[in-house]
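A.B. asks: From the sequence below, what's the structure:
(one chain, ligands or ions: 1)
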Amino acid sequence: MNIHNPLPNHERDEPVYTPPGGPPQTDRIPAAVYEQMGEENITRFTHAFYTRLGQSSIAHMFPKSEKNLMRAADKSAAMFVFLFGGPHAYQQRYGQPMLRARHIPFVIDEPARQEWLRCYRETLDEASEKFNMPNEHIDAVWKFISDFSTWMVNAQTPGTPK
Ligand code: HEM
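C.D. replies: Sure, this is the predicted structure:
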């Protein structure tokens, strides 16, 4: 159980929504991103992203204290090391990703995804200058992340037809 958002699956008010079409098929991010950034810059990038999440309209989903927020960021950073073409850092430290399953305790609708993506986009926009992300691959990172994030949506947006 996640002590920051202790909502057991069976106590959700909303039924779990599954995006039609299943996990999106999207191109991998070129390994050049990991090769140029390395784990240190990817971790700094993810900390900057989580700092934005901590100030966003979905901040309630994330740990409140700076220390725990950055702990959560470190976990995500290990996943980004892998997604950017590096070693299986997340899998080695935390086991199977099962990312959709790990997000089920949080109610993620399309507006929540858009806010998450806004934080990601703003961090990407400074990533070449601050975190040594190769400029020529920023579009590929954005495409992968925006496509893949559709698979984390697990709640119907209020007011939209079922
Ligand atoms: C669609 C919008 C998304 C929202 C609102 C969201 C929200 C969250 C939240 C609330 C957590 C838990 C933080 C904590 O540890 O307290 C989390 C964990 C995580 N998220 Fe997301 N997420 C989204 C999309 C994504 C995407 C697209 C990825 C990967 C590309 C991702 C990767 C991760 C990882 C690796 C973790 C840590 C899982 C664990 O080991 O517990 N998330 N996310």
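
A.B. asks: What residues does the protein have near the ligand?
C.D. replies: By C-beta under 6 Å from any ligand atom, the residues of the chain that approach the ligand are 2, 4, 58, 61-63, 72, 75-76, 79, 83, 94, 99, 102-103, 106, 108, 112-113, 116, 145, 148-149, 152. For glycine as for every other residue, the C-beta is placed from the backbone atoms N, C-alpha and C.

A.B. asks: which residues sit against the top helix by length along the chain?
C.D. replies: Criterion DSSP state H: the longest helix present in the chain is helix 32-54. Residues from elsewhere that reach helix 32-54 (C-beta atoms under 8 Å, 6 or more residues apart in numbering): 59, 62, 66, 69-70, 72-74, 76-77, 80-81, 84-86, 89, 116, 119-120, 122-123, 126-127, 130-134, 137, 140-141.

A.B. asks: Sort out for me which of these are in strands.
C.D. replies: Among the contacts of helix 32-54, no member falls in strands (DSSP state E).

A.B. asks: Filter the residues you listed down to the buried ones and express that as a PyMOL selection.
C.D. replies: This is how PyMOL selects the buried members of the contacts of helix 32-54, with burial counted by 16 or more other C-beta atoms under 10 Å:
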select buried, resi 62+69+70+72+73+76+77+80+81+84+85+86+89+116+119+120+123+127+131+132+133+134+137+140+141
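
A.B. asks: all helices of this protein, in order?
C.D. replies: For the chain, the helices defined by DSSP H cover 32-54, 66-83, 89-94, 99-103, 110-125, 127-131, 138-149.

A.B. asks: TSV for these, including mean pLDDT?
C.D. replies: Output for those, formatted as TSV (pLDDT from 0 to 100):
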stretch	mean pLDDT
helix 32-54	98
helix 66-83	98
helix 89-94	97
helix 99-103	96
helix 110-125	98
helix 127-131	98
helix 138-149	98
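
A.B. asks: what's the most buried one of those?
C.D. replies: Among the helices of the chain, helix 32-54 has the highest mean neighbour count (mean count of other C-beta atoms under 10 Å), at a mean of 19.
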